[in-house]
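**Q** Generate coordinates for the sequence data below:
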Amino acid sequence: MHAIGPATRRAAGGELDELLSLWSTAMIVIDEDLCKGCAICSELCPSGVLGVSDALNAKGYYPPVVKKQRECHGCRLCELLCPEFAIFIVNEWVDDVAS
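**A** Residues are numbered from 1 along each chain as shown. Here you go, the predicted structure:
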């Protein structure tokens, strides 16, 4: 995917950002039962999407929680770095923007 610079975004008058947000949505899926609370995903997320839960999971660890779903760019860094394979990204492509 190519990066779109600020000048292009300004030229589109904000419409480009709106269309891009509808085009692809990355959904974060967390399997709390597998998580051992290392916080690698929340510490290294470049967008600050993940945080740490206040509630313990069944194993007694604090799993990650999604704080800002819409900020997720789908880079999959959390998925790649999780030593327990407890987190993964699902990309949903929106085919029909018209309602």
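**Q** okay, CA-based contacts and neighbour counts for the rest of this
**A** Will do.
**Q** Name the helix or strand of the protein that has the lowest mean pLDDT.
**A** helix 6-11 (a mean of 51; mean pLDDT, DSSP states H and E).
**Q** tell me the helices in this structure, going along the chain?
**A** Here the chain has its helices, by DSSP state H, at 6-11, 15-23, 40-44, 77-81.
**Q** tell me the contacts of residue 37?
**A** Listed by CA atoms under 8 Å, 6 or more residues apart in numbering, the contact partners of residue 37 are 61-64.
**Q** Mind doing that once more with 10 Å?
**A** 52-53, 56-57, 59-64, 84 (CA atoms under 10 Å, 6 or more residues apart in numbering).
**Q** remind me which residues of the chain are low pLDDT?
**A** For the chain, the stretches with pLDDT under 70 are 1-24, 92-99.
**Q** Please enumerate the strands of it.
**A** Ranges of strands in the chain, per DSSP state E, are 24-30, 50-52, 64-66, 87-93.
**Q** Correct me if wrong: residue 73 contacts residue 90.
**A** No - using CA atoms under 10 Å as the test, residue 73 is too far from residue 90 to be in contact (11.2 Å).
**Q** More neighbours: which of those two?
**A** residue 73 (16 against 12; other CA atoms under 10 Å).
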